[in-house]
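Enquirer: sequence unknown, structure follows:
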């Protein structure tokens, strides 16, 4: 199977039921488009196919995004783009928009101011005519003065005000309509689809009151003289859009809707070529207010006049910095120097981000590859430390972690070997305890030993010496675990070697304990010892011979009272020659012999109180009528219930012998 086939198979396995359904819809739509005929069902299949294609596109984009952003390097690159590069681009875009807005407003201001200058020029001309006419009519006739002044004004203003018209009239209706109580008027007048600049004043002559009217029609030639720093200039005339029958392009100004009725475009003006790639076209608008006059001479509501233009930033820059003159290049030079410095800083930041990203992703990639080695079971692989930063410390911590894991695995293996050895020691120790209880007439025996650890340091034994004699032993070895178990095995071997001889029937328990003491003294260290209790019971004579070598005193319960068996001496293995004593007791029928280790009486309750020997005796007295097994289980249960916890601090051993 090729790599392509493997990828296709994995892709097919990843497809869900909705994916398959969407692919089916797209396939049906393609088939209907190629082979179907238009109709109702065709349209439905096409619509469903579009929905399926949209769903598959969303799924593909989601898969592509997850695959792209799986790598930490790609995530950091995307994060850097959004954090560093995108804001810079947005700032640049905002600066460009702000510049375009500034240039647009500047162009609109230039167009508006130039138009107002022409209106002011007409008003100044009307004032000059009134003044000159007032003076001239004292020397010549009014008609001659008007012709002379008109000729002079044409010479002055024709170049800057093409199409200038100067009229003297006695009809003041227009003036009274537009002046509204004032002695003069200057501004824009719109009459139907024509627009003029007008200035009207009154003057007193020998013939009476006369009206001086100066008008300049807004024509393409006139627009050529406006704002020479701009490119194409366009004036749009509008009128209120009051009826539905009016057709055309409408727009809203303020609270009223207007309809465009005429467009006046400057003649012969074009946008100059761009000085550089930054010198892009700028467009803008400027609004003028015109007095609207009807065909019968009545003044209507004021009308807006919209002027639009196009320009180059280089043209507007020359106008803005015209007052600086030849030094204007210094402003641009300083601007480009600052922009260059910022670009260098941005490039340095970009390079720094790329370098840091590579360092971070290289360290993370090394850690990822190291985890793959660990996953394969190779704990010897180490991450190379390239720097002493936090990532380097992380790599060093990973190396320490793998080394610790390797050590733990080795320790675990060693612990398992030790546990196996301890388990074997446990099995061996279990072989040391009596596997079968001896059968002596009139004697019922039972023993329980619960180790605090895997192996126990407590020891008990039942050895049948004859058909009527039974030896009962219990010991507590110092320490716990393997060392105590080994000492217990040594004590057991020495005890059985002494008791299973021909002369053991006549051997006193004191002499037996003395021999065991010498054995432990010579075969153990100074810090090793054992407490020991042994009793030999003869059912034919009902005599119990015993010796207690430092062990907690066993006791016999007879008729509801407990008798302690304390005769003996000190613990075994401390002093080489020590004279031990033998105790001898004749026991009645039904007596109960109880031996135990210190782990049975030392458990503490939640208040720190020990179970104690007196509670053990009380429990034994309450159970004295039960059989040996019930007594042993009852004593062990009483101690555990007193402690209230399953955990043991020491080995717990109890032996019970009921003597019938």
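Expert: The structure has been received and is ready for your questions. From a predicted model like this one, the values you see are computed outputs, not experimental measurements.
Enquirer: how many neighbours does residue 548 have?
Expert: Residues lying near residue 548 (other C-beta atoms under 10 Å) number 27. Where you see a C-beta, it was placed from the backbone N, CA and C, and this is true even at glycine.
Enquirer: any idea how far the closest residue to residue 161 other than its chain neighbours is from residue 223?
Expert: Distance criterion C-beta to C-beta, 6 or more residues apart in numbering; nearest residue to residue 161, sequence neighbours excluded, is residue 216 at 4.8 Å. Applying C-beta to C-beta, to the nearest Å, the value for residue 216 to residue 223 is 11 Å.
Enquirer: what of residue 465?
Expert: For residue 465 relative to residue 223 (C-beta to C-beta), the value is 143 Å.
Enquirer: who's more crowded, the two?
Expert: Ranked by neighbour count (other C-beta under 10 Å), residue 465 and residue 223 place residue 223 first, with 24 against 18.
Enquirer: do I have it right that the residue nearest to residue 161 meets residue 158?
Expert: No - counting by C-beta atoms under 8 Å, residue 216 sits too far from residue 158 to count as a contact (10.1 Å).
Enquirer: what's the overlap in contacts for these two?
Expert: Here residue 216 and residue 158 share the contacting residues residue 164, scored by C-beta atoms under 8 Å, 6 or more residues apart in numbering.
Enquirer: burial count for residue 191?
Expert: Number of residues near residue 191 (other C-beta under 10 Å) recorded here: 15.
Enquirer: the nearest residue to it once chain neighbours are set aside bridge partners, please.
Expert: Leaving aside its sequence neighbours, residue 191 sits nearest to residue 293 (C-beta to C-beta, 6+ apart; 4.9 Å). Legend: beta-bridge partners of residue 293 under DSSP bridges are residue 191, residue 299.
Enquirer: which residues does residue 293 contact?
Expert: 174, 177-178, 189-191, 299-300.
Enquirer: ok, residue 181 next?
Expert: Counted by C-beta under 8 Å, 6+ apart, residue 181 has zero contacts.
Enquirer: can you tell me the SS state at it?
Expert: Residue 181 carries the three-state label coil when classified by DSSP: H, G, I helix; E, B strand; the rest coil.
Enquirer: what of residue 531?
Expert: Once three-state DSSP is applied, residue 531 turns out strand.
Enquirer: which ones are touching it?
Expert: So residue 531 contacts 475-476, 549-552, 571-572 (C-beta under 8 Å, 6+ apart).
Enquirer: that one and residue 460, how far apart?
Expert: Per C-beta to C-beta, residue 531 is found 12 Å from residue 460.
Enquirer: what is in contact with these two at once?
Expert: With C-beta under 8 Å, 6+ apart as the test, residue 531 and residue 460 both reach residue 475.
Enquirer: just to revisit the earlier point, can you tell me the helix or strand for the residue nearest to residue 161?
Expert: Take DSSP states H and E as the rule and residue 216 turns out to sit in strand 208-217.
Enquirer: so residue 186, which of the three states?
Expert: The three-state label given to residue 186 by three-state DSSP is strand.
Enquirer: pretty sure it sits against residue 127.
Expert: No - assessed by C-beta under 8 Å, residue 186 is found out of contact with residue 127, at 9.6 Å.
Enquirer: more neighbours, these two?
Expert: Of the pair residue 186 and residue 127, residue 186 is the one with more neighbours under other C-beta under 10 Å, namely 22 against 15.
Enquirer: tell me the contacts of that one?
Expert: Shown in contact with residue 186 (C-beta under 8 Å, 6+ apart): 119-120, 122-123, 126, 198-200.
Enquirer: buried subset of those, written for PyMOL?
Expert: This is the PyMOL syntax for the buried subset of the contacts of residue 186, where burial follows 16 or more other C-beta atoms under 10 Å:
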select buried, resi 119+122+123+126+198+199+200
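Enquirer: report the lowest-confidence entry in the contacts of residue 186.
Expert: Least confident of those in the model: residue 126, at 84.
Enquirer: quickly list the domain ranges of the chain.
Expert: Listed by automatic domain parsing, the domain ranges of the chain are 16-68, 93-320, 324-432, 433-659.
Enquirer: who are the packing partners of the helix ranked longest in the chain?
Expert: If each helix of the chain is counted by residues according to DSSP state H, the longest one is helix 86-136. Under the contact criterion of 3 or more C-beta pairs under 8 Å, 6 or more residues apart in numbering; DSSP states H and E, helix 86-136 touches helix 142-157, strand 184-191, strand 194-205, strand 208-217, strand 282-293, strand 303-311, helix 313-320.
Enquirer: okay, these in TSV with distance to residue 234 next?
Expert: Formatted as TSV, the helices and strands packed on helix 86-136 follow (distance: least, C-beta to C-beta, whole Å):
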stretch	distance to residue 234
helix 142-157	24
strand 184-191	16
strand 194-205	13
strand 208-217	16
strand 282-293	10
strand 303-311	5
helix 313-320	17
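Enquirer: who wins for proximity to residue 272 among those?
Expert: Nearest to residue 272 among the helices and strands packed on helix 86-136 is helix 313-320 (6.8 Å), distances taken as C-beta to C-beta.
Enquirer: check which residues of that closest one are buried.
Expert: Quick answer for helix 313-320 (16+ other C-beta under 10 Å): 313, 315-317, 319-320.
Enquirer: please pull up the helix or strand immediately following that helix.
Expert: helix 328-375.
Enquirer: how far off centre is the helix or strand that that next one is followed by?
Expert: Using DSSP H and E, the helix or strand that follows helix 328-375 in sequence is helix 390-432. Relative to its chain's centre, helix 390-432 lies at 36 Å (C-alpha atoms, centre = their mean, to the nearest Å).
Enquirer: could you check the angle the helix or strand just after helix 390-432 makes with helix 390-432?
Expert: Later in the chain than helix 390-432, the nearest helix or strand by DSSP H and E is strand 443-450. Strand 443-450 and helix 390-432 are oriented at 170 degrees to each other (axes from the mean of the first three to the mean of the last three C-alpha atoms, to 10 degrees).
Enquirer: what lies in contact with the next helix or strand along the chain from strand 443-450?
Expert: Next helix or strand after strand 443-450 toward the C-terminus (DSSP H and E): strand 458-464. Strand 458-464 has contacts (C-beta under 8 Å, 6+ apart) with 432-434, 437-440, 445, 447, 449, 451, 470-477, 488, 491-492, 495-496, 499-500, 595, 597, 599, 651-653, 655.
Enquirer: so which bits of strand 458-464 are buried?
Expert: 458-464.
Enquirer: I'd like these as CSV, with pLDDT and distance to residue 101 appended.
Expert: Below are these laid out as CSV (pLDDT from 0 to 100; distance: C-beta to C-beta, whole Å):
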residue, pLDDT, distance to residue 101
458, 85, 98
459, 86, 102
460, 90, 104
461, 91, 108
462, 91, 110
463, 89, 113
464, 89, 117
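Enquirer: with distance to residue 362 added, can I get those residues in JSON lines?
Expert: JSON lines is the format used below for those (distance: C-beta to C-beta, whole Å):
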{"residue": "458", "distance to residue 362": "63"}
{"residue": "459", "distance to residue 362": "65"}
{"residue": "460", "distance to residue 362": "68"}
{"residue": "461", "distance to residue 362": "71"}
{"residue": "462", "distance to residue 362": "74"}
{"residue": "463", "distance to residue 362": "76"}
{"residue": "464", "distance to residue 362": "80"}
